[in-house]
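[1] I would like the atomic coordinates for the input below:
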Amino acid sequence: MKRLFALLFLAHLCAFAKVHVITFSPWQKVKLVTGDNEDALYDMWVRTLFVDARMREFTVGEPHDITDRLFVVRRAYRVNDTLPNDEPKKKVWRWQRGGWLLIDRLTGSVKQLALPEFDTYYSTASWFRDYVAYCGISDNADKLYAVVVEVGRRKPVVKKLIGAPATNNQPDSECAAPEWSRKPMSVSFAPSGKDKISFTVRGRLAEIQTLEHEEDDSDGQ
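    Okay, the predicted model is just below:
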């Protein structure tokens, strides 16, 4: 009898559970400002992310489904580019790319993922299942890393020092998008001006596939 009441109670809760509706607006073309002198303009297509008809974030690029419930998409935002002596009523907004968002279709939750060493200007992320691979840059911009992160884990599966950044002033210029393979699951990095390097990923562990860059590296795995 108690079990029956428990089942009826759960059914009652499910009947009144709110169904969240997640949608995107149509694409809008904006300008991304780049270069040392901020004189280069690139077309960037953005969309607005809505949860239950409420605007939550601007996004750029296509989403990636991790499961039938969770997906990720890259964030975009506008920063106020108005100088202190400019007219207050004439604000200038500049579009920029941000990090990655994790969205839960069931709960409507929108959270920003913490991706170690991810640089919003230079890093190009490549997703496979619940893993993301990218070339990361240290805070002082003197180290370039091959990074693989599993969603839900704080410590990267891979964080391998691969040299110094090329310091090109163009976006996404440090590495091409890493390439994933399956059977065995592996990922390859092609940093600008450096040798290609690959890793086999086994659950929460990874091992290097190439002979390059095998010198001791206290920052890498």
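[2] Break the chain down into its structural domains.
    With domains defined by automatic domain parsing, the chain comprises 18-113, 115-221.
[3] Pick the most deeply packed of the ones you listed.
    domain 115-221 (a mean of 17; mean count of other Cβ atoms under 10 Å). For every residue, glycine as well, the C-beta is placed using N, CA and C.
[4] Tell me which residue lies nearest the centroid of the chain.
    Compute the mean C-alpha point of the chain, and by Cα atoms, centre = their mean the closest residue is residue 100, 3.4 Å away.
[5] and that residue, backbone torsions?
    With angles defined as degrees, to the nearest 10, residue 100 sits at phi -110, psi 140.
[6] hey, where'd the helices end up in this protein?
    2-16 (DSSP state H).
[7] where in it is pLDDT low?
    1-17, 204-221 (pLDDT under 70).
[8] nearest spatial neighbour of residue 91, skipping sequence neighbours?
    residue 82 (4.8 Å; Cβ to Cβ, 6 or more residues apart in numbering).
[9] mind checking how far the residue lying closest to residue 97 once chain neighbours are set aside is from residue 50?
    Distances taken as Cβ to Cβ, 6+ apart put residue 120 closest to residue 97, at 5.3 Å, once the chain neighbours are dropped. To residue 50, residue 120 is 23 Å away according to Cβ to Cβ, to the nearest Å.
[10] bridging residues for the residue nearest to the centre of the chain?
    When bridges are called by DSSP bridges, residue 100 pairs up with residue 74.
[11] distance of residue 92 from residue 86?
    Residue 92 is 7 Å from residue 86, by Cβ to Cβ.
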